[in-house]
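Just to be clear, the model below is a prediction. Sequence and coordinates:
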Amino acid sequence: MGSVPAYLLDQVEKPVRYIGQEINMVEKDPDDVDIRYAFAFPDVYEVGMSHLGLRILYHLINQRPDTYCERVFAPWVDMESLLRAHSVPLSTLETGTPLSAYDFVGFTLQYELSYTNVLNMLDLGGIPLLASERDTTHPLVMAGGPCAVNPEPLADFVDLFVIGEGEEVIGEILDLYGKWKRKGASRMDFLRVAAGIEGVYVPALYTVTYHEDGTIQAITHEENAPARIRKRIVSDMTAAFYPEEMLVPYMDIVHNRVVLEVMRGCIRGCRFCQAGFIYRPTRERSVDRLCELSDRLIGATGYEEMSLSSLSTSDYRELAQLTRRLEEEQGERGVSLALPSLRVDSFSREYLSSHSKARKTGLTFAPEAGTQRLRDVINKNITEEDIMNGSSAAFAAGWTRVKLYFMLGLPTETMEDVQAIADLVGRIRERYREIAAKKDRKRLSIAVGTSSFVPKPFTPFQWVGQDTADSLREKQQVLKQILRVPGVEYRWHDVQTSHLEAVFARGDRRLGAVMLRALKKGCRLDGWAEHFRYDRWMEAFAEAGLDPDFYAGRERTQDEILPWSLIDIGVSEKYLWREYLRALAGETTPDCRTQCAGCGVQGDWKELCP
């Protein structure tokens, strides 16, 4: 049916975003279900449709005979203007039903700069923005995803958050809701009972008070609400639900292929990486199950490319066996296996020894820092020898295009560390020339990208302040100058975008007032450079009487109550602080399989640890 009237479609740039009716779309009669759930992705269609979590939960929820899960995405500016001009509410793709008619509107929070998109979608859907202004005639607004580990910036707008992985807890919430709906009890009654489900956080049941200096004085809770909210995880990945068919869009999307999730969690402990801590412990899906899924997904979608998904596919124990089997079983059907981003220290072992036939279109390595000292600070646990050996193996195997990713503004970084990025690129170029001289090869292409470090909750760097904008720009300028060499392209991330990301990553619920002001000023689609309006955001902060650098640039003390202190991800704060001190001392910590570092997860899920 599509989410908008047909007469509007010929007036927008990409009408396919709004028509639905894709292959494997779930169709139900809304009159035959008790619960209607709108899965809301706060970005445009082609971004949201590439998200694996959406694909999993969409089909999982629709397995329930009592529930119909439909999709809605943030409209692009051309469609938003038309919706507002014609007084057409934002609606789902499957049935074109306005968001205000659903029992639940559930947002996935993948990126802090999508927060105003959440508010804009609620407004377009005819739903009051503030949770306190909703009653039983309005949907319950849920949110989950990695950004939900610090739910406080959106606390004024979301009725309940899911902390952790959603496959099991979503069923428990829907079961409870079905009973509540039949009873006809109050909205707050449901939320109070829902707060008793492990992994559910209801902001309305908590009160935050502040010191005069703006830091948090205390977080208190209603008597029956938990003092801390413990994340949910799926223990058995092989037995866990995974869709055996996937939606096939009629337009190109970011990741337009079959995706196989091989594992969750990461053993590495890179100190800047939030995902590496919040998704612990590591859990793997079996080779047999992955091969079974690949066969069914290829048959159900017709895709000719597969990719392997995880935080660190390099660490999947049976990677060589898996890639060999997938190539043998699917190669005859003309299906290729796409390489994920790789750990440069294990490239040759993983792929050359497993006889990978992957197309030599390009490789992505992430050294993160140019010097060994700084790589030790962030616990990257790779050496320059690893980098050079991995690059050599790639070049010898035929790759001539390489992407290298680094971060600027890492804790303790100096200008020497920045200049060392260019030095490392130079040594990689020289290594290619040595190898290419022995064979007839075309010119090497190196794409160097730098992002600005953003301190994130539940990492050892959650206490540090973000580097200043002036300092980051100076470092970018240095690299622009010295990377002007043939065959090298340098790209960098916008400093102002990273600043706002840090503000909301480490923010508290007072930021809700800023978001409301920013939305009125037209701030949305902030993750898209052409629509990001930093000056309007700064106006909103000034009007709300808040300093963004209080959140982004300020160093925290060990005893400060952090906005996310009420969330329990299983990793202890003592461990994170210990890792922070080790970082400052330049000491590395082995990966989880080499030696247990006592992060705290093994206490809760000891049987799942490596």
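Received the coordinates, thanks.

C-alpha only now, for contacts and for neighbours.
Will do.

Scan this structure for its longest helix.
Scanning the chain for the helix with the most residues, using DSSP state H, yields helix 415-436.

and that one, what does it pack onto?
helix 384-396, helix 469-482 (3 or more Cα pairs under 8 Å, 6 or more residues apart in numbering; DSSP states H and E).

Mind listing what's buried along the helix or strand containing Leu60?
For Leu60, the host element (DSSP states H and E) is helix 52-62. Judged by neighbour count using 16 or more other Cα atoms under 10 Å, the buried positions of helix 52-62 are 52, 54-62.

ditto for stretch 583-599
Buried residues in stretch 583-599, defined by neighbour count with 16+ other Cα under 10 Å: 583, 586, 588-589, 591-592, 599.

before we move on, what about stretch 179-197?
Within stretch 179-197, the residues scored as buried using 16+ other Cα under 10 Å are 180-181, 187, 190-195, 197.

Can you lay out the residues you listed as TSV showing secondary structure, distance to Glu222 and pLDDT?
Formatted as TSV, the buried residues of stretch 179-197 follow (DSSP: H, G, I helix; E, B strand; the rest coil; distance: Cα to Cα, whole Å; pLDDT from 0 to 100):
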residue	secondary structure	distance to Glu222	pLDDT
Trp180	helix	21	94
Lys181	helix	23	91
Arg187	helix	16	93
Phe190	helix	15	96
Leu191	helix	12	97
Arg192	helix	9	97
Val193	helix	12	96
Ala194	helix	13	97
Ala195	coil	11	97
Ile197	coil	15	98
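
Among these, which one lies nearest to Tyr18?
Set against Tyr18, the nearest of the buried residues of stretch 179-197 by Cα to Cα is Lys181 (30.9 Å).

State the distance from the closest one to Tyr580.
47 Å (Cα to Cα, to the nearest Å).

circling back to that earlier point, let me know the average pLDDT across the helix or strand following the longest helix of the chain.
For helix 415-436, the following helix or strand on the C-terminal side (DSSP H and E) is strand 445-452. Computed over strand 445-452, the mean pLDDT rounds to 96.

Sheet partners, orientation included, of strand 445-452?
Using DSSP bridges, the strands paired with strand 445-452 are strand 401-408 (parallel), strand 488-492 (parallel).

All the strands of the stretch 251-400 of the chain, in order from the start?
For the stretch 251-400 of the chain, the strands defined by DSSP state E, counting those that start in this stretch cover 258-261, 263-264, 283-284, 305-309, 336-338, 363-368.

Can you say which of those is packed in most?
Mean neighbour count (mean count of other Cα atoms under 10 Å) peaks for strand 263-264 among the strands of the stretch 251-400 of the chain, with a mean of 23.

Packing partners of that one?
The elements that strand 263-264 packs onto, with contact taken as 3+ Cα pairs under 8 Å, 6+ apart, are strand 283-284.

Give the pairing partners of the strand it packs on; include direction for each.
By DSSP bridges, strand 283-284 pairs with strand 263-264 (antiparallel).

Low-confidence ranges, the stretch 451-600 of the chain, go.
For the stretch 451-600 of the chain, no stretch is flagged by pLDDT under 70.

For whichever strand or helix holds Ile219, give me every contacting residue.
Using DSSP H and E, Ile219 sits in strand 216-221. Contact partners of strand 216-221, identified using Cα atoms under 8 Å, 6 or more residues apart in numbering, comprise 205-211, 227, 560-563, 566.

okay, the residue lying closest to Leu9 once chain neighbours are set aside: pLDDT?
Nearest residue to Leu9 in three dimensions, chain neighbours excluded: Pro15, at 5.2 Å (Cα to Cα, 6 or more residues apart in numbering). Looking at Pro15, its pLDDT stands at 95.

mind listing what Val262 touches?
By Cα under 8 Å, 6+ apart, the residues touching Val262 are 284-286, 290, 308-310, 313, 316.

Just give the number of residues close to His255.
Number of residues near His255 (other Cα atoms under 10 Å) recorded here: 16.

Am I right that it is in contact with Leu52?
No - contact criterion Cα atoms under 8 Å: His255 and Leu52 do not qualify, at 9.5 Å.

quick revisit: ok, the buried residues of helix 52-62 vs Ile382, which is closest?
Leu52 (28.9 Å).

ok, and the closest non-adjacent residue to the closest one?
Val259 (7.6 Å).

Distance check, the one you found against Tyr242.
Distance, Val259 to Tyr242, using Cα to Cα: 11 Å.

For Leu174, give me its contacts.
With contact taken as Cα under 8 Å, 6+ apart, Leu174 is in contact with Ile35.

switch the cut-off to 7 Å
By Cα atoms under 7 Å, 6 or more residues apart in numbering, the contact list for Leu174 is empty.

so it is in which element?
According to DSSP H and E, Leu174 maps onto helix 169-183.
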